[in-house]
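Chemist: I'll drop the sequence and a predicted model, then ask my questions.
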Amino acid sequence: MQDVRDALYIGHRSDGTLTRRPMSPHLQVYRFRLSMFLSIANRAAGVAAAAGSVLGVCWLNAAAKGPESFKKVQKVTRNPLGKLALVGWTLSLVYHFVAGLRHLSWDAGYRFEKKEINEDGPIAVGVTVGTTLALVATIFGLAACRSRKKKAS
């Protein structure tokens, strides 16, 4: 044994004799694929969606407390950084939903071949981007329409 780390690769056969176990391939061995990124992105989107939901509950709590509290929260959500956070939260919710639909289809036994998974990845990204843009345009469009009506009256 050259190093203490070598001890990690020593195993026992069923007859009790020692054997050297192979080392798992490292990340440098694998060719990066979109499906690898989408898997990691789904986990990150789940965390972001959960964190954004906590902020959404805080927003609802401020609305329930009254106009004073709600105005303070609205100041945060109406500045550019707040709007960017809302867009990011929407993106994470939509992507996590779309990826969840992919996983449900895999669980049912559909679209689970390598070729199909690689075809579905870009579709999932396109659906996510399109749906997010449509939602954001609708929400911000409605908000702009309401503020114009308030100013007019």
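Modeler: Cool, the structure landed. Numbering: from 1, shown residues only.

Chemist: which residues touch the most centrally placed residue in the chain?
Modeler: For the chain, the residue lying nearest the average C-alpha position, counting by CA atoms, centre = their mean, turns out to be A45 (1.3 Å). Applying CB atoms under 8 Å, 6 or more residues apart in numbering, we find A45 in contact with L91, S92, L93, Y95, H96, A99. C-betas here are computed from N, CA, C, even on glycine.

Chemist: show me where pLDDT drops low in the chain?
Modeler: Within the chain, the stretches with pLDDT under 70 are 1-2, 27.

Chemist: in it, which spans are strands?
Modeler: Using DSSP state E, the strands found in the chain span residues 10-12, 18-20.

Chemist: relative to D120, which of the ones you listed is closest?
Modeler: Proximity to D120 (CB to CB) singles out strand 10-12 among those, at 38.4 Å.

Chemist: and the closest one, which residues are buried?
Modeler: Along strand 10-12, not one residue counts as buried under the neighbour rule (16 or more other CB atoms under 10 Å).
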